[in-house]
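Q: Give me coordinates for this.
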Amino acid sequence: MAFGPAGLVAAAGAVLFLLLAALTAIRPAANTTRTRLFAAFLALFSLPLLNIVIADSGLALQFPRLLFIGNTLGLAAAPVLYLFAHSLALADFRLKRRDAVHFLPLLVIAALVAWQFHAQPLATRLAIVSGESTDSWLDAPAFVLLIFAYPLAYLGLTLRVVWRYERASRTVRSSSDGRELRWLTVSLSGLLGGAIVSMAHYSVVHVWALPLLSWALMAILSGGTLLLGGYFILSAFRSLDAAAPLEASAVGEAKYGEHRLAEDELAGLAAALDAHMAADAPHLDPDLTLEALARGLPMTARELSQVINRTQGLSFYEFIARWRVREAQRRLRADSRVSILTVMHDSGFSSKSSFAAAFRRETGMTPSTWRSRITGSNTRPRTT
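A: Here you go, the predicted structure:
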């Protein structure tokens, strides 16, 4: 049994993912559902890598039944990742029996693979493993693309969960724009890229028969999997206990509906909001939430969100950031000696990146450039 470069890289990746899955499963965690889903994803993600090892080492020719098991079961990683994303985004997420429906397509695919490969005579299985032409559906590009559609669909659904979380976070929080799950967007984009490479590899192996390009694509797929896996694992481990999930009602809340305010009522509430912001400066609290702001006003959190959206055309996050930028401008204008970092904290911002992004969005320039233009100073402003 000999391994090529792709097989060695895949073997190392599979061992790493399985080891991390075991360590994740036994670690103490505040949210066991989230932790177990992550461990399951790591274990399932290792299976396609093991399949590469089996194919590259020649084991597939000695034990044909081993082929396709890893790739087939590994498809379950996509719906598990989808459920894991829910556990990161939703505070009240719990696994339910109906979640099993996400794996029904996998059962259909597994049954078809068993019928078209595992139930076939040895000669037919060896022909399929060797890439020879057979009447099996497994040789049909349309069937293979249909199988790829299953994980791709769940990667798309997972991206939708992340995007909805980001949008909801900007609606109810002033200190977060939903970037807590941005790493998952990057990882999913990489997985989609990997799926495209996998489809390209299948095409050059079974359609165009280009051995050199096939090897190159396999090496890219294996190496990229390790790099993406490292980034994903580090980010996911940080999120296991540091996630900032939202209530399901916030993420899936309908747009106004029967709660839509009349125009005259909307104007009155908007005036009350502006007066409260100017008089009490609640935006200086870096941890201000939609619920907390609504408690100081004659309106519910739902009504407050509607007032901000309809009168300002902004999310709650953007609305509070605008008031904080105004405060920062006042402080920068009042004292040219105060550091920008001090102004940032005193204005309610909790991070340099959010402060810089909000200030540039409102003024079109950085805080230091804005202060230099306002004060007419040619000296370099303090930033610390």
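
Q: going forward, measure contacts and count neighbours with C-alpha atoms only.
A: Fine.

Q: any idea how far Trp323 is from the nearest residue to Gly296 once chain neighbours are set aside?
A: Excluding the flanking residues, the one nearest Gly296 by C-alpha to C-alpha, 6 or more residues apart in numbering is His276, at 7.9 Å. His276 sits 12 Å away from Trp323, taking C-alpha to C-alpha, to the nearest Å as the criterion.

Q: do Ala262 as well
A: 26 Å.

Q: Give me the more crowded residue out of these two.
A: Trp323 (19 against 8; other C-alpha atoms under 10 Å).

Q: what pLDDT does Leu67 get?
A: The score at Leu67 is 77. That number is its pLDDT.

Q: mind listing what it touches?
A: By C-alpha atoms under 8 Å, 6 or more residues apart in numbering, Leu67 lies in contact with 51, 54-55, 60, 129.

Q: what about 6 Å?
A: Leu67 is in contact with Ala60, counting by C-alpha atoms under 6 Å, 6 or more residues apart in numbering.

Q: re earlier: give me the neighbour count for the residue nearest to Gly296.
A: His276, neighbours per other C-alpha under 10 Å, totals 15.

Q: Secondary structure of it: a helix, I assume?
A: Yes: assessed with DSSP: H, G, I helix; E, B strand; the rest coil, His276 lies in a helix.

Q: From the chain's centroid, how far away is stretch 361-379?
A: 35 Å (C-alpha atoms, centre = their mean, to the nearest Å).

Q: list the buried ones in it?
A: Going by neighbour count (16 or more other C-alpha atoms under 10 Å), the buried part of stretch 361-379 is 366-368, 370-372.

Q: wait, which of the residues you listed is closest to Leu191?
A: Each of these was checked against Leu191 using C-alpha to C-alpha; the closest is Thr366, at 35.3 Å.

Q: In which helix or strand does the closest residue to the closest one other than its chain neighbours reside?
A: Leaving aside its chain neighbours, Thr366 sits nearest to Arg360 (5.5 Å; criterion: C-alpha to C-alpha, 6+ apart). Element membership for Arg360 (DSSP states H and E) is helix 352-363.

Q: how about the CA coordinates for that helix, as PDB?
A: Provided in PDB are the C-alpha atoms of helix 352-363 (Å, rounded to 0.1, in the frame of the first residue of the first chain):
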ATOM      1  CA  LYS A 352     -11.800  50.600  17.100                       C
ATOM      2  CA  SER A 353     -13.100  48.800  13.900                       C
ATOM      3  CA  SER A 354     -16.800  49.700  14.600                       C
ATOM      4  CA  PHE A 355     -15.800  53.300  15.500                       C
ATOM      5  CA  ALA A 356     -13.700  53.800  12.400                       C
ATOM      6  CA  ALA A 357     -16.400  52.200  10.200                       C
ATOM      7  CA  ALA A 358     -19.200  54.300  11.700                       C
ATOM      8  CA  PHE A 359     -17.300  57.500  11.600                       C
ATOM      9  CA  ARG A 360     -16.300  57.000   7.900                       C
ATOM     10  CA  ARG A 361     -19.900  56.100   7.000                       C
ATOM     11  CA  GLU A 362     -21.200  59.300   8.600                       C
ATOM     12  CA  THR A 363     -18.500  61.800   7.600                       C
END
